[in-house]
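Novice: just coords:
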């Protein structure tokens, strides 16, 4: 609801900050609105903004930082849920998530729905899980914790899969189990645990080789 001359500043700022990526532009607009830098004036009526105010506030163009700021507006509980979901993967399973965060599936679901209402995640159709709406959102949630904490979390997730999956599930999801546990080898407590993981890597390696996935097999 304004002429092109007035919109030119905002358009130029958008291009500089987001490179014209539609997803990043949407998130940047939301941030400007949430910070009170972009408002709707019903007297005009139309959108208004103060170019100098926006520039002096130093709004970042780093999308990961934008996503982090957005996630940090949630409660600590929801931030923790999103972090654990990011460690599990994309999509992530509610059964695994509720066990790792030590909450009931119903409690976990309620927290996830709050994040879903803000567009950060969405329920997987026909699956008992959720997906992050964009890789950058998952990345921001993942880096909420330190590297040491992330490694420990991956080990916990891998151990849960190993101890609670059926034999059929373990065979089908051996790559997921190995991927989780390999990221947390510093937290393996005994030689028998290390031997067990080595055996799982061998199974995963042979399975990858049989599918002609030679680089993952070598890894």
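Specialist: Cool, the structure landed. All values derive from a computational prediction rather than experimental measurement.

Novice: Residue 8 - how many residues pack around it?
Specialist: Residues lying near residue 8 (other C-beta atoms under 10 Å) number 10. Where you see a C-beta, it was placed from the backbone N, CA and C, and this is true even at glycine.

Novice: Report the mean confidence score over stretch 39-47.
Specialist: Averaged across stretch 39-47, the pLDDT comes to 90.

Novice: Identify the residues contacting that stretch?
Specialist: When contacts are defined by C-beta atoms under 8 Å, 6 or more residues apart in numbering, stretch 39-47 is touched by residues 1, 2, 33, 38, 48, 49.

Novice: now those: which count as buried?
Specialist: By neighbour count, with 16 or more other C-beta atoms under 10 Å, the contacts of stretch 39-47 hold 38, 49 as buried.

Novice: Now flag whichever of the contacts of stretch 39-47 is closest to residue 180.
Specialist: residue 33 (38.0 Å; C-beta to C-beta).

Novice: What is whichever strand or helix holds the closest one packed up against?
Specialist: With secondary structure defined by DSSP states H and E, residue 33 is part of helix 22-34. Identification of packing neighbours for helix 22-34 by 3 or more C-beta pairs under 8 Å, 6 or more residues apart in numbering; DSSP states H and E yields helix 4-18, strand 38-41, helix 63-71.

Novice: what comes up buried for it?
Specialist: 24, 27, 28, 31, 32.

Novice: Next up, the contacts around residue 174.
Specialist: The contact partners of residue 174, by C-beta under 8 Å, 6+ apart, come to 200, 203, 204, 207.

Novice: Need those in CSV (columns: secondary structure and distance to residue 124).
Specialist: Formatted as CSV, those follow (DSSP: H, G, I helix; E, B strand; the rest coil; distance: C-beta to C-beta, whole Å):
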residue, secondary structure, distance to residue 124
200, helix, 26
203, helix, 27
204, helix, 25
207, helix, 25
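
Novice: Emit the PyMOL select command for whichever of those residues are buried.
Specialist: In PyMOL syntax, the buried subset of the contacts of residue 174 is picked out as below (16+ other C-beta under 10 Å):
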select buried, resi 200+204+207
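
Novice: Which one of the contacts of residue 174 is nearest to residue 65?
Specialist: Taking those together and measuring to residue 65 by C-beta to C-beta, the closest member is residue 204, at 35.3 Å.

Novice: pLDDT weak spots in the protein?
Specialist: 58-63, 126 (pLDDT under 70).

Novice: switch to 80 and redo it
Specialist: For the chain, applying pLDDT under 80 flags the ranges 1, 17, 19, 51-52, 54-66, 125-128.

Novice: The residue most central in space within the chain and residue 16, how far apart?
Specialist: With distances taken as C-alpha atoms, centre = their mean, residue 138 lies nearest the centre of the chain, 1.5 Å away. Between residue 138 and residue 16 the computed distance is 25 Å (C-beta to C-beta, to the nearest Å).

Novice: Please apply the same query to residue 43.
Specialist: 30 Å.

Novice: out of the two, which sits in the more crowded spot?
Specialist: The residue with more neighbours, out of residue 43 and residue 16, is residue 16; 10 against 6, by other C-beta under 10 Å.

Novice: Residue 162 should be in a helix, yeah?
Specialist: Yes - with DSSP: H, G, I helix; E, B strand; the rest coil as the criterion, residue 162 is located in a helix.
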